[in-house]
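In: using only what follows, build the 3D model:
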Amino acid sequence: MPSLPRKYLSIAFLVLLCLPLAANAQSWESLNPQQKEALAPLAGTWDSLSEVQQTNFLAIAKHYPRLNAQKQQRLHSRMEHWSKLTPEQRQRAREKYKAFSKVPPDKREAVKKMVREQQAPETPAAPGH
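Out: You can find the predicted model right below:
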């Protein structure tokens, strides 16, 4: 199966972070060194996250040590991107992920192609045109 565009993978990852799990809020200071390393991009916003979000991020942090360096970097990049989104942007990302997950598998490639085309930077007109 072809890999999803990076943006869709990021959205999927971020939506998964917000799915309910057992609540277990902790302050940043109470996290152990391994958790702090895994969740470093969230250090500045950790204490403002909901209990559900913290719990979901802690579940992801458990898998962090088993990731290779490239995947760890990608995870940190996605966490950083997610932490900078407004609540409205996060909600839109969740809605887009939900909508995409309802697209039949045989139609997904067409949807991904359409989105890629919409996101492609427009080529500026040549000077003098």
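In: so what are the domain limits for this structure?
Out: 21-84, 87-120 (automatic domain parsing).
In: need the winner for burial among those.
Out: Mean neighbour count (mean count of other CB atoms under 10 Å) peaks for domain 21-84 among these, with a mean of 15. Where C-beta positions appear, they are placed from N, C-alpha and C, glycine not excepted.
In: so how far is that one from its chain's centroid?
Out: 12 Å (CA atoms, centre = their mean, to the nearest Å).
In: related to what we said a few turns ago, save the domains of the chain as CSV, and put in mean pLDDT too.
Out: Listed next are these as CSV, based on pLDDT from 0 to 100:
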stretch, mean pLDDT
domain 21-84, 90
domain 87-120, 88
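In: now do P104 against S30, distance only.
Out: In this structure, P104 and S30 are 45 Å apart, going by CB to CB, to the nearest Å.
In: one more: V103?
Out: Using CB to CB, one obtains 41 Å as the distance from V103 to S30.
In: A38 and K98, how far apart?
Out: Distance from A38 to K98, by CB to CB: 27 Å.
In: one more: M114?
Out: For M114 relative to K98 (CB to CB), the value is 18 Å.
In: thought F100 was touching R108, still the case?
Out: Yes. With contacts counted by CB atoms under 8 Å, R108 reaches F100, the gap being 7.5 Å.
In: and L4, what's its pLDDT?
Out: As predicted, L4 sits at a pLDDT of 50.
In: before we move on, what about Y8?
Out: For Y8, pLDDT reads 57.
In: again with the one 5 residues further on
Out: Reading off the confidence values, F13 has pLDDT 61.
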